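Undergrad: Fold the stuff below for me.
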Amino acid sequence: MDLLEFLRQEGVSERIVREIEHFRAQWPAQGPLADRVPVPRYFYYGKDIWEEAATALLCGENLLLVGPKATGKNVLAENLAAAFGRPSWDVSFYINTDSATLLGTDTFADGAVSLRKGPIYQCAECGGFGVLDEINMAKNESLAVLHATLDFRRCIDMPGYSRIRLHDATRFIATMNYGYAGTRELNEALASRFVVLDMPAISQEGLIKLLCREFPHLKKAYAEQFAGLFQDIQKKCDGGELSTKPLDLRGLVASVRLMDTGLEGNRALELGIVNKSFDDFEKQLVTDVIRARLPETLAREDVFD
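TA: As a prediction, the model looks like this:
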C-alpha cells in the first residue's frame, strides 16, 4: 500500500496529504537518490501524530521525537521520509560522536587530499531527510556543529572548503529517549532548533492493526490478545512493578513470527519477551502476566488460520 493511501485511510487531513503530494512533485528523488528513499516494513498508526509531524516538515521545521521505549519513534521517522519521497540518512549517536563523524573529514585519494563527506553533509547537499537517532547520547559540545545547519542559516561551513547551503527539501528528524544508559540532557540551544513531538504509547487499536497487517493469517481474537498482553505489560511498567526491559514491541512481533514458523506460542513469547529481563523474579512476573492472558499451550493452528 502506498503511504499516502494509508494516510487517507487513517483519516489524515486531505489538505495535508495534498501538500505532501505537492512536495513530492516539486522535489522528486531521482537516480541513485531514489535508492535511499525508505520502503517501510511497518506503518505508524496515529492520525494526530501524523498530522502534527507532517505539518511541521511542510513548514520547513526540524522534528524532535521524544518518548519512552516502544512508542514508534524510528518507525515514524522512516515513514515520514517515505511519505515525502525523500532519500534518508540514518545517524546513530553515541558518546564518541564528533564533527568529523557528522560532517566529514579529510581523506587521501588519487594523490590528493579531498573531503570525505559525512551523512549530515550529504543529506544537506541532496535534500535528504536526516534521521538523528538517540541524539542525546552524544556529548553536547560535539553537537554544536549542527547549530547553523538546523537554524535559519541552513548552511554548513567546513574549514578549508566552501560553504554549503542546505537544499530546500532538507529536513532533520531527531529521536531521543530519556532514561537509557549514556543519555544526557539535551542542550537547550540545540533543542530550540526543533519542533518537539511527544510520542504517545501505541494504542491497542493501532497494535492490532500492525499485527494484522504483518501477519495476514493471524486470527483476530489472538491479535487482540497479543495487543492486550502488551498493554498489560505496559501498565505494569508504568506502575513500577516491572522494568521496561520486557516492554519490547519488536520482541512481541518476533514472538508472533516464531509462532507463525511453528514454534509453540509460550516458548516463542519466552524468547521474544520474557527473556528480555535478566532477573529471575521479574521473568516470573512477566510469565504470570502471559499466563493470565493465554493458555498454557499455544499451537500454531490455534493462532493462525
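
Undergrad: Poorly predicted segments of the stretch 51-200 of the chain, please.
TA: 179-183 (pLDDT under 70).

Undergrad: Let me see the ranges of the strands in it.
TA: Counting by DSSP state E, counting those that start in this stretch, the stretch 51-200 of the chain has strands at residues 63-66, 88-92, 104-109, 112-117, 129-133, 155-156, 164-165, 171-176, 195-198.

Undergrad: Correct me if wrong: Gly265 contacts Leu298.
TA: Yes. Between Gly265 and Leu298 there is a contact at 2.6 Å, judged by Cβ atoms under 8 Å. To be clear about C-beta, it is placed using only N, CA and C from the backbone, and glycine gets the same treatment.

Undergrad: so what's in contact with the two at the same time?
TA: Met259 (Cβ atoms under 8 Å, 6 or more residues apart in numbering).

Undergrad: Comparing the two, which shows the higher neighbour count?
TA: The residue with more neighbours, out of Gly265 and Leu298, is Gly265; 23 against 20, by other Cβ atoms under 10 Å.

Undergrad: Give me the phi and psi for that one.
TA: Phi and psi for Gly265, reported as degrees, to the nearest 10, are phi -60, psi -50.

Undergrad: Residue numbering should commence at 639 henceforth.
TA: Understood, numbering begins at 639; the last thing we discussed is Gly903.

Undergrad: Who are the contact partners of it?
TA: Counting by Cβ under 8 Å, 6+ apart, Gly903 touches 893, 897, 932, 935-938, 940-941.

Undergrad: Please repeat the previous calculation with a cut-off of 10 Å.
TA: 860, 864, 893-894, 896-897, 928, 932-938, 940-941 (Cβ atoms under 10 Å, 6 or more residues apart in numbering).

Undergrad: Minimum distance to Glu843: which of the strands of the stretch 689-838 of the chain has it?
TA: Proximity to Glu843, assessed across those by Cβ to Cβ, is greatest for strand 833-836 (19.6 Å).

Undergrad: related to what we said a few turns ago, narrow the contacts of Gly903 to those in helices?
TA: 860, 864, 893-894, 896-897, 928, 938, 940-941 (DSSP state H).

Undergrad: partner residues bridging the closest residue to Thr745 other than its chain neighbours?
TA: Of all residues not flanking Thr745 in the chain, Arg754 sits nearest, at 4.1 Å (Cβ to Cβ, 6 or more residues apart in numbering). Beta bridges link Arg754 to Thr743, judged by DSSP bridges.

Undergrad: Distance check, Arg754 against Leu696.
TA: From Arg754 across to Leu696, the span is 33 Å (Cβ to Cβ, to the nearest Å).
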